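Student: what follows is a predicted protein model with its sequence.
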Amino acid sequence: RVVRKEWRWNFVGNANGSWHRSSLIDGVDRRGGAEALGGVLVLTHTFDDPVHGMLLSEYRSVLSRSSFTLAPPGVHLDSYRVVEALEAGSIPIVTCDSYFDHAYSQGHPLPCVEEWEWGAVERAMEEAEGMDGYSCDVQRWFEAFKETTRESIH
């Protein structure tokens, strides 16, 4: 199963003109906000800035205290958020796209959504939560992925 943490999910970032992110943020707001949905939503303007964003140490803390990290596309389909979440022991939810099969290997275990509306995100989390040993499977896959990547570089 998925390891239960202080927060079920998190999203740290901004809308960046991304309709995916705007849809997600609007859906959370329409359902009473992040806390009502068991998560944490931190809207930032810049990275590692205590005035307009979030310090790196706070960001890492949010990731490590969340079962899932939502990774909707911003300017690009992928972001550092996916690997940062995995390093922190949080399971990233990504967009269902063949890009991730190429970037992270065919058959990667990351949950995905076609659209970033809240119902789809909720279903992806529920499906992952219903699978025995899922958190361990994701972490084993990630360790193997990192080793394969290291070997391909050397």
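Tutor: That came through fine.

Student: how far away from the center of its chain is the longest helix along the chain?
Tutor: Longest helix in the chain, counting residues (DSSP state H): helix 134-153. Distance of helix 134-153 from its chain centroid, counting by C-alpha atoms, centre = their mean, to the nearest Å, is 17 Å.

Student: same question, stretch 28-45
Tutor: Its chain's C-alpha centre and that of stretch 28-45 lie 14 Å apart, by C-alpha atoms, centre = their mean.

Student: start to end distance for it?
Tutor: End-to-end distance of stretch 28-45 (C-alpha to C-alpha, to the nearest Å): 19 Å.

Student: before we move on, back to that, which strands and helices sit next to the longest helix of the chain?
Tutor: When contacts are defined as 3 or more C-beta pairs under 8 Å, 6 or more residues apart in numbering; DSSP states H and E, helix 134-153 packs onto helix 80-88, strand 91-95. (Each C-beta comes from the backbone N, C-alpha and C, glycine too.)

Student: what does it rub up against?
Tutor: 1-3, 67, 86, 89, 91, 104-105, 108-110, 128, 131 (C-beta atoms under 8 Å, 6 or more residues apart in numbering).
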